[in-house]
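Novice: How does the following fold in three dimensions:
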Amino acid sequence: MSILFPLRQAYSSLRQAARRKTRQLRRLSRKTLQLTLLLGGSALVALVSLGFARLADLALHLNGSWMARWPWLGWILLPFGMALIRWLTMRFAPNSAGSGIPQVIASLSLPPSPGRRQLTSLAQAVWKIPLTFAGLMFGASIGREGPSVQVGAAVMLAWGSFWQRMGVPLKGFQVNELIAAGAAGGLAAAFNAPLAGVIFAIEELGRGTALRWHRLVLIGVLASGFLVVALVGNNPYFGTFSGHALNKNMLLWTLTCGLACGILGGLFSQLLGKGPASFAPARWRNWIRRHPVCLAFIMGLAVAVLGLLTHNSVYGTGYAHASEALAGHPPEVPGFGVGKLLATVASYWAGIPGGIFTPALTAGAGIGAQLGELAGAAVDPRVLVLISMAAFLAAATQAPLTASVVVMEMTGSQPMLFWLLVGSLFASIVSRQFGPHAFYHNAAGRYRHRAHEYNQSMKAPASNTPAVRTGAATDRSVDELRADSGKPG
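Specialist: All right, here's what the predicted structure looks like:
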């Protein structure tokens with residue numbers, strides 16, 4: 001008995017240790033599986049964003065080739081092309097209009113419902129890519145970064161839903177967290193700026209929403225950005241900034257850029273947010289709301305006129321002009337920054353898919369270059385261009401941290417981050433004097449309204465909702481929602 005007792009005790013201890021180890025391995029396996037699935041979703045978002053970027057570059061190349069050979073072609077492509085895109089958007093993907101960031105913000109603030117799913121569905125994302133490509137090819141003043149946010153959210157959400165159907169759900173992740181991780185990852189991948197994606201998620205997507213920013217979500221955002229860096233290299237989007245802070249009056253010039261960009265950026269945000277009906281004579285407002293395709297045609301003509309006045313420099317994202325201004329070669333067209341601002345407003349009012357991030361940065365670069373010309377040899381114009389890019393984006397979005405970090409990573413100007421923050425914060429304060437509501441959140445209110453309308457149409461009895469009425473909530477144009485009394489969302 002005395003001999004068997006120690007053996008039994010040793011056997012029992014070994015069994016308990018084996019069970020503990022098995023439980024630990026299972027927990028480790030589950031955590032490893034969750035992390036692997038998350039990184040797989042982030043990789044998918046990065047690859048889709050990278051493919052989207054290649055398509056956008058192709059569209060810009062095609063537009064540049066056409067306009068160089070046949071400058072008059074813009075008078076045909078822009079009005080008819082934008083009208084066609086608007087019709088396709090209303091017919092097949094009504095929730096893909098505009099930037100895409102308001103749709104994501106609206107989705108994050110809504111409870112689970114069919115209307116919410118419509119805002120970040122994969123079907124909307126699939127349409128958003130070719131429609132944005134067509135807009136850039138025709139010459140609309142739009143960007144691909146905002147659309148990349150909506151596409152990233154839709155791809156990550158579809159990835160999580162796929163594994164849930166396969167019986168391997170991403171445990172510990174709520175739908176909101178998948179949307180936010182995909183959206184911020186899409187921005188990080190689009191700008192080749194991982195840190196900017198994290199700041200955007202916290203400052204812009206997290207504003208007014210209940211999001212749990214636990215470690216794995218932030219890892220997913222960073223993974224999307226770093227994967228693009230691994231694939232295409234750590235090359236700043238606009239090239240490396242080679243200037244340095246001014247030796248004299250740096251604060252004064254920074255505040256000057258912030259003031260100019262804050263005023264123009266505030267007006268830009270108000271124009272985008274209120275829509276054309278709010279500025280039209282009362283007798284025209286009903287017509288504008290009821291004829292969105294005709295409005296898109298007119299906006300296309302307006303962009304063509306601006307192109308004529310600026311030697312076709314306001315078409316597309318304006319990336320090349322911003323890069324040249326940062327290198328010390330300002331646009332030769334007087335008033336390029338204001339022209340780009342107006343072309344972006346006209347393109348947005350047309351209701352076609354397309355973002356405002358890169359056009360806003362380009363408009364800021366044009367404003368900074370104009371300030372540099374006024375200052376003459378007293379300052380390095382490259383510094384004013386850099387500060388104005390961040391300041392104008394901050395004024396337009398009222399997200400100064402995101403604007404500063406985005407510009408820093410896109411230009412490789414880490415030593416200038418302090419001055420970028422000062423200019424962006426001041427511009428954001430000035431912009432708030434024109435409207436207290438941030439543009440993206442203002443626009444998100446209208447998409448929330450659209451989701452509620454869709455939910456109501458789904459709940460209504462079949463006898464009271466004929467087929468034509470049932471589709472009214474989803475087919476209602478963004479221009480109608482945007483023009484409703486000009487109220488903030």
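
Novice: now the strands: where do they sit in the stretch 251-400 of the chain?
Specialist: Assigned by DSSP state E, counting those that start in this stretch, the stretch 251-400 of the chain shows no strands.

Novice: Tell me where it has helices.
Specialist: In the stretch 251-400 of the chain, the helices defined using DSSP state H, counting those that start in this stretch lie at 282-290, 292-309, 319-326, 336-349, 357-375, 381-397, 400-411.

Novice: So for residue 84, which of those helices sits nearest?
Specialist: Of all the helices of the stretch 251-400 of the chain, helix 292-309 sits nearest to residue 84, with 8.5 Å by C-beta to C-beta. C-beta: built from backbone N, CA, C; applies to glycine.

Novice: What are the contacting residues of the closest one?
Specialist: The contact list for helix 292-309, computed with C-beta atoms under 8 Å, 6 or more residues apart in numbering, reads 67, 74-75, 78-83, 85-87, 90, 138-141, 276, 288, 313-315, 339, 342-343, 346-347, 349-352, 477-480.

Novice: again, 7 Å this time
Specialist: 74-75, 78-79, 81-83, 86-87, 90, 139-141, 276, 288, 314-315, 339, 342-343, 346-347, 349-352, 477, 479 (C-beta atoms under 7 Å, 6 or more residues apart in numbering).

Novice: Same check on stretch 235-249?
Specialist: 191-192, 253, 322-323, 326-327, 379-380, 382-383, 386, 409-413, 415-416, 419.

Novice: and that stretch, what's its mean pLDDT?
Specialist: The average pLDDT for stretch 235-249 rounds to 83.

Novice: In that stretch, which residues are buried?
Specialist: Going by neighbour count (16 or more other C-beta atoms under 10 Å), the buried part of stretch 235-249 is 236-238, 241, 243, 246.

Novice: Repeat that for stretch 69-82.
Specialist: For stretch 69-82, by 16+ other C-beta under 10 Å, it's 74, 77-79, 81-82.

Novice: re the thing from before, pipe the helices of the stretch 251-400 of the chain into TSV and attach mean pLDDT per row.
Specialist: Formatted as TSV, the helices of the stretch 251-400 of the chain follow (pLDDT from 0 to 100):
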stretch	mean pLDDT
helix 282-290	90
helix 292-309	94
helix 319-326	89
helix 336-349	94
helix 357-375	92
helix 381-397	94
helix 400-411	92
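
Novice: Could you list the low-pLDDT ranges of the stretch 101-250 of the chain?
Specialist: 171-172, 207-216 (pLDDT under 70).

Novice: Which parts of it are helices?
Specialist: Using DSSP H, counting those that start in this stretch, helices in the stretch 101-250 of the chain cover 101-108, 114-119, 122-138, 145-165, 175-191, 194-200, 215-232, 250-274.

Novice: May I see those helices arranged in TSV, with distance to residue 63 and mean neighbour count as well?
Specialist: Below are these laid out as TSV (distance: least, C-beta to C-beta, whole Å; neighbours: other C-beta atoms under 10 Å):
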stretch	distance to residue 63	mean neighbour count
helix 101-108	24	29
helix 114-119	29	22
helix 122-138	5	22
helix 145-165	17	25
helix 175-191	19	30
helix 194-200	27	24
helix 215-232	22	20
helix 250-274	23	22
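
Novice: Tell me which of those helices lies nearest to residue 459.
Specialist: Taking the helices of the stretch 101-250 of the chain one by one with C-beta to C-beta, helix 114-119 is closest: 9.4 Å.

Novice: Give me the contacts around that closest one.
Specialist: With C-beta under 7 Å, 6+ apart, helix 114-119 has contacts from 95, 103, 106-107, 110, 447, 451-452, 454-455, 458, 474.

Novice: Tell me who's in contact with the closest residue in space to residue 185 that isn't next to it in sequence.
Specialist: Here the nearest residue to residue 185 in space, its sequence neighbours aside, is residue 224; by C-beta to C-beta, 6 or more residues apart in numbering that works out to 3.2 Å. Contacts for residue 224 (C-beta under 7 Å, 6+ apart) come out as 42, 45-46, 185, 188-189, 197.

Novice: Residue 112 too?
Specialist: With the criterion set at C-beta under 7 Å, 6+ apart, residue 112 makes contact with residue 175.

Novice: do you know how far it is from residue 162?
Specialist: Using C-beta to C-beta, to the nearest Å, residue 112 is found at 18 Å from residue 162.

Novice: Give me the contact list for stretch 42-56.
Specialist: 129, 133, 136, 144, 148, 151-152, 155-156, 159, 182, 185-186, 189-190, 220, 223-224, 227-228, 231.

Novice: correct me, but residue 350 touches residue 82?
Specialist: Yes - checked against C-beta atoms under 7 Å, the pair residue 350 and residue 82 is within contact range at 4.8 Å.

Novice: thought residue 407 was touching residue 391?
Specialist: No - in this structure, residue 407 is not within contact of residue 391 by C-beta under 7 Å, at 9.2 Å.

Novice: More neighbours: the two, which one.
Specialist: Neighbour totals were compared for residue 407 and residue 391, and residue 391 leads with 39 against 35 (other C-beta atoms under 10 Å).

Novice: mean confidence score for stretch 259-278?
Specialist: Rounded mean pLDDT across stretch 259-278 is 92.

Novice: Using CSV, list the CA coordinates for that stretch.
Specialist: What follows is stretch 259-278, C-alpha atoms only, in CSV (Å, rounded to 0.1, in the frame of the first residue of the first chain):
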residue,chain,number,x,y,z
LEU,A,259,-6.5,80.9,-41.7
ALA,A,260,-6.7,80.8,-45.5
CYS,A,261,-7.3,77.1,-45.7
GLY,A,262,-9.7,77.2,-42.7
ILE,A,263,-11.9,79.8,-44.5
LEU,A,264,-11.8,78.0,-47.9
GLY,A,265,-12.1,74.6,-46.3
GLY,A,266,-15.0,75.6,-44.2
LEU,A,267,-16.8,77.0,-47.3
PHE,A,268,-15.9,73.8,-49.2
SER,A,269,-17.4,71.6,-46.4
GLN,A,270,-20.6,73.7,-46.3
LEU,A,271,-21.0,73.5,-50.1
LEU,A,272,-20.6,69.7,-50.0
GLY,A,273,-22.8,69.2,-47.1
LYS,A,274,-25.8,71.3,-48.1
GLY,A,275,-26.0,70.4,-51.8
PRO,A,276,-27.0,72.4,-54.9
ALA,A,277,-30.7,72.8,-54.0
SER,A,278,-29.8,74.8,-50.9
